[in-house]
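Colleague: Only the shape, not the letters, is given here:
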């Protein structure tokens, strides 16, 4: 059964719930039952062996758990005589037997159902006379990993969550990231680490996601590494705020044999579940434009009291958008470069690139990452890629172990045109990135080279081909009547090119006679007094001499002006789109005039035909 058919089957359970449940409540039943059936199928083949081991070991040991785990072949087990199919044999006692069955799971698995508040739903379904019918529907479907692999199961959960979120008018995108975006991030994360990917080499690495959602990023990263090097092991760590997403993530980790103790629940910013730990790799898609007022007191306290010994030393962004807090959190989780260092990828919207002037929290955070040479690359993604927003998004890749070729540089890649239209929109997601585009972007990043994009257009302006041009590559020829558009695709820029000094330009106060007002006391004695109404600021690139800039750009227009150096501030911004802007001159007035004449003549001819 494919993923769409499986999702449709599970969604059909909603037909049973209609009337007794509001549409916005369907997920409270369907999600935990889906998890239950998945765990039920995973344990099916070893169930008899586990029960026999339980009966034998209880006679001689007080804690049979290690033995039961070994027999189950999983990181969880169930010691109830029941399973979902056996429950169908006793309709009159379905509630008691189902509760007993859930209680038979090992502690980590029971916690999943507690997070779902499944006992409450079982009681509600029983009172509505629906419990047996719903359980029977799920007992009919086979969710064993041999039938539905982990990747398919992850997609099923994501589709279900998206549907429930749309019904509830919630933001589905808070729960998960499109799979092709994760694949791109994972590719960029590992491409420079040949020692990890080298087949046959036994390595162990740790991966962390502070906004784990249903675990999609963790799962895809693990699958990628094992595909390239079956002997490699990636231990997965994460934290998630939403209880339902946490429960699904934990269930997925249980089935994969991961240590579910590494998956924490709670708010990463105010209650770090992995305090003091560092990781080799990290991935995150924090919520876009979400305020952090609820945790402001705790975050400010850490910033003010711990400074750079805490997570938020560089500065704090405005309360209306906390995404840069997650960036700093990940930086704090990096292994020291002396211990091998770290690399991480994070998805952010456009705001962190440029919001905030010199001296602001956002600018100071950008200043910290750039002056410490942590940013490897920023990749601009197409719009309409995410389920809950159509805005522009960017993947940042940061590391404290840059290869020599990247020292002091940031690579900007404009992948905004690397998309294809989806056959069917999913929420706000109307575009997807094909595998070929992911490969192209990965290759550009791996080469650490500048490139241009040549788009070939026919006479009607329709795209017929595109070529990625490295240095020295010849431009393609234009077809008859068509043209070739050339635009930058990959740029390598010095860290300092994003910095600037904001200088304050003062002009003198004048009295009613037009004479300059001179200070009479203290430090201002004998000096012209500034007129605050004429005060202005100028941004001077870091690489340019301030005095030379002032003489060239200011003094010719205001000969009496001066710089108040005490107010000078250093700022950083990353004007991504400006670097990729290509000016296209407007059509000539003659061409426009000729086109208007042709259209006018056509209209007059049509009017003449109507009058006949």
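Modeller: Noted; the coordinates are in hand. Remember, predicted model here, so these are calculated numbers, not experimental data. Residues are numbered from 1 along each chain as shown.

Colleague: Show me what the helix or strand that residue 609 is a member of is packed against.
Modeller: Applying DSSP states H and E as the criterion places residue 609 in helix 589-611. Contacting helix 589-611 under the criterion 3 or more CB pairs under 8 Å, 6 or more residues apart in numbering; DSSP states H and E is no other helix or strand. Bear in mind the C-beta positions are built from the backbone N, C-alpha and C, glycine included.

Colleague: Next one: residue 102 from residue 55, what distance?
Modeller: 21 Å (CB to CB, to the nearest Å).

Colleague: So between those two, which is more surrounded?
Modeller: residue 102 (22 against 11; other CB atoms under 10 Å).

Colleague: Skip the chain neighbours and tell me the closest residue to that one.
Modeller: The shortest distance from residue 102 to any non-neighbouring residue, by CB to CB, 6 or more residues apart in numbering, is to residue 113 (5.5 Å).

Colleague: Also residue 253?
Modeller: residue 260 (5.0 Å).

Colleague: burial measure for that neighbour, as a count.
Modeller: 22.

Colleague: mean confidence for the helix holding residue 609?
Modeller: Average pLDDT, helix 589-611: 88.

Colleague: Quick one: distance of that helix to the chain centre.
Modeller: 52 Å (CA atoms, centre = their mean, to the nearest Å).

Colleague: Now it: buried residues?
Modeller: Residues of helix 589-611 classed as buried: none (neighbour count, 16 or more other CB atoms under 10 Å).

Colleague: Likewise for stretch 413-428?
Modeller: 413, 414, 415, 416, 418, 419, 426, 427, 428.

Colleague: can you list the residues you listed in a markdown table and add distance to residue 301?
Modeller: Shown next, in a markdown table, are these (distance: CB to CB, whole Å):
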| residue | distance to residue 301 |
| --- | --- |
| 413 | 38 |
| 414 | 40 |
| 415 | 39 |
| 416 | 39 |
| 418 | 43 |
| 419 | 43 |
| 426 | 40 |
| 427 | 37 |
| 428 | 36 |
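
Colleague: what's the spacing between the residue nearest to residue 102 and residue 555?
Modeller: 73 Å.

Colleague: which strands and helices sit next to the helix or strand harbouring residue 96?
Modeller: Following DSSP H and E, one finds residue 96 within helix 94-103. Contacts defined by 3+ CB pairs under 8 Å, 6+ apart place helix 94-103 against helix 84-87, helix 107-115, helix 118-127, helix 131-139.

Colleague: switch the cut-off to 6 Å
Modeller: When contacts are defined as 3 or more CB pairs under 6 Å, 6 or more residues apart in numbering; DSSP states H and E, helix 94-103 sits against helix 131-139.

Colleague: What's the mean pLDDT across the helix it packs on?
Modeller: Averaging pLDDT along helix 131-139 yields 95.

Colleague: residues making contact with that helix?
Modeller: Residues from elsewhere that reach helix 131-139 (CB atoms under 6 Å, 6 or more residues apart in numbering): 13, 16, 33, 37, 84, 85, 87, 88, 91, 94, 95, 125.

Colleague: ok, so of the buried residues of stretch 413-428, who is nearest residue 390?
Modeller: The shortest approach to residue 390 among those belongs to residue 428, at 4.9 Å (CB to CB).
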